[in-house]
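A.B. asks: got a sequence here, can you model it:
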Amino acid sequence: MFIVFAKSATCLILGLVLLVALYKRSWLENQLEKPGVPWLFLFWFVLRLLPFLGIYVLLSYEPQSDVRDYYYPIAMGAGTGKVLYRDVYCPYSPFFGYYLAVPLWLWNSTRMVVLTMTVVEALGVWLTYRANDRSESRGERLFRALFYYLLPVPFVFCVMSGQEDVSLWIFALLAGQAVAGGHSFRAGLWFGLGLLSTKAVFVLLFVPFIFLVTNKVRFLAGCIVLGLPVLIFLYWKTDLLFMTQPLEEGTYLKAPNIRSVLAPIVGEAINTLVKFENYAGLLLTMAVTLGVLLTMRTRNVRRSIALLYVLMFSLTTVVQHNAISNYAYLFMLPLVFSMLDFRDRGSCVALIVFNIGAAIHPSYWWRIGQPFYYGFSQLNQPAYWADYGLELFLVAGFAYIAFRAARALKSDMIFVEQ
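C.D. replies: Next up, the predicted model:
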């Protein structure tokens with residue numbers, strides 16, 4: 001349980017620093033206005049590189065979980081010429097392993113995977129910061145970047161877990177910028193590259209993109225130009241493994257999500273629906289997204305993409321039975337830059353508390369045996385009650401974030417003009 005205590009202590013410290021930053025926001029924004037200072041690099045250096053060096057070099061900690069069991073073997077297989085899916089089990093998109101193989105040529109270590117993820121995240125922060133350059137002052141945008149870097153979810157899942165989720169937002173942002181500029185074919189290229197480079201869940205964004213893009217034929221053409229040759233190659237080399245292996249990940253029961261919190265109430269009868277739950281969740285996500293798209297009042301495409309991205313992935317985390325709170329990392333960056341109103345101190349504090357819970361829960365749930373409760377009688381020790389209570393809180397938090405994103409789109413509540 002040491003890792004749980006370490007993450008808990010880290011999250012609490014970050015939470016306290018964030019509260020101080022909120023209190024001193026005006027002063028900090030004035031300081032960040034100073035020209036000639038590479039603030040974004042300094043944020044990354046102090047809040048990503050130095051913690052990385054402390055954890056993995058000074059303390060000689062070895063990355064665990066997905067980095068050890070998935071990312072590193074996939075990258076090593078890709079780097080040695082193996083065919084992903086056929087020769088190496090891969091639940092991610094086909095280009096993912098080849099991207100990771102490049103930095104491993106410089107340093108063949110699982111630690112290099114984590115360091116690479118911090119650089120990918122820094123790219124995402126820079127692109128998002130640049131995308132907001134028409135809306136707020138430099139100091140205000142830099143404060144958003146600082147606030148993001150200090151949030152427990154990005155810190156823990158990037159530095160301590162080496163997660164790749166922020167890469168989905170990078171491709172969504174680049175495709176969204178192309179849509180906003182009227183470049184439908186380029187948007188299709190970026191979207192296709194995102195689908196080939198991240199993971200299957202990226203395909204959910206097809207609905208809002210095909211709805212918002214000006215020239216749908218050119219957008220589809222951009223997707224096909226990249227996607228069809230890769231599809232043909234993968235089918236030739238792997239048959240349908242490139243589809244079945246990512247889909248296998250969706251069969252595992254995880255927590256927290258609507259199933260995990262309803263199971264103690266419904267009992268084992270809920271298992272009769274297990275084959276249909278993810279399909280039902282997918283349909284619900286699509287239906288809600290379409291409903292919002294048809295009634296939304298927000299006309300700014302860049303901001304619409306960001307809000308729809310937050311809506312879809314926060315809602316998906318609620319309704320998919322393989323969802324875990326790591327998915328908060330998927331949308332935390334666009335949430336901070338496009339949704340968060342720093343004048344609303346209550347919402348800011350709630351987001352900090354939500355981050356603390358979301359950052360701690362996966363490790364806690366894993367280390368108490370990944371319990372799944374089919375009755376309240378199974379909550380027979382304090383550790384299980386704490387887990388179930390945290391699950392209820394997190395599912396409510398994800399649902400509320402989805403609600404706020406949908407309301408912002410439908411009511412044209414603009415905190416950040418873009």
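
A.B. asks: and residue 388, how far is that from residue 73?
C.D. replies: 34 Å (CB to CB, to the nearest Å). (Each C-beta comes from the backbone N, C-alpha and C, glycine too.)

A.B. asks: neighbour count winner among those two?
C.D. replies: residue 388 (21 against 17; other CB atoms under 10 Å).

A.B. asks: give me the phi and psi for residue 84.
C.D. replies: phi -60, psi 150 (degrees, to the nearest 10).

A.B. asks: any idea how far it is from residue 116?
C.D. replies: Taking CB to CB as the measure, residue 84 and residue 116 are separated by 18 Å.

A.B. asks: neighbour count: those two, which is higher?
C.D. replies: The neighbour count for residue 84 versus residue 116, taken as other CB under 10 Å, is higher for residue 84 (25 against 21).

A.B. asks: the more buried one: what's it in contact with?
C.D. replies: With contacts defined as CB atoms under 8 Å, 6 or more residues apart in numbering, residue 84 is in contact with 74, 77, 78, 90, 94, 97, 238, 242.

A.B. asks: hmm, who's touching the helix or strand hosting the first one?
C.D. replies: Residue 74 is part of helix 72-79 when elements are defined by DSSP states H and E. Where contact means CB under 8 Å, 6+ apart, the residues beyond helix 72-79 that reach it are 63, 84, 87-90, 92, 96-98, 100-102, 104-105, 110, 113.

A.B. asks: okay, the residue nearest the centre of the chain: pLDDT?
C.D. replies: Most central in the chain under CA atoms, centre = their mean is residue 330, positioned 1.0 Å from the mean C-alpha point. Predicted confidence (pLDDT) for residue 330: 97.

A.B. asks: which elements pack onto the particular helix or strand that has it in it?
C.D. replies: Residue 330 is part of helix 328-338 when elements are defined by DSSP H and E. For helix 328-338, the packing partners by 3 or more CB pairs under 8 Å, 6 or more residues apart in numbering; DSSP states H and E come out as helix 110-131, helix 138-150, helix 152-155, helix 166-180, helix 301-319, helix 345-367, helix 382-411.

A.B. asks: of these, which is nearest residue 4?
C.D. replies: Among those, helix 345-367 comes nearest to residue 4, with 5.0 Å by CB to CB.

A.B. asks: list the contacts for residue 178?
C.D. replies: Neighbouring residues of residue 178 by CB under 8 Å, 6+ apart: 184, 186, 187, 189, 190.

A.B. asks: any idea how far it is from residue 305?
C.D. replies: On the measure of CB to CB, residue 178 and residue 305 end up 10 Å apart.

A.B. asks: what does residue 179 give?
C.D. replies: Distance from residue 179 to residue 305, by CB to CB: 7 Å.

A.B. asks: joint contacts of these two?
C.D. replies: Joint contacts of residue 179 and residue 305 (CB under 8 Å, 6+ apart) are 209, 212.

A.B. asks: about what we covered before: quick one: the contacts of residue 178 as JSON lines, columns for pLDDT and distance to residue 335 too.
C.D. replies: Shown next, in JSON lines, are these (pLDDT from 0 to 100; distance: CB to CB, whole Å):
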{"residue": "184", "pLDDT": "97", "distance to residue 335": "27"}
{"residue": "186", "pLDDT": "98", "distance to residue 335": "26"}
{"residue": "187", "pLDDT": "98", "distance to residue 335": "22"}
{"residue": "189", "pLDDT": "98", "distance to residue 335": "26"}
{"residue": "190", "pLDDT": "98", "distance to residue 335": "21"}
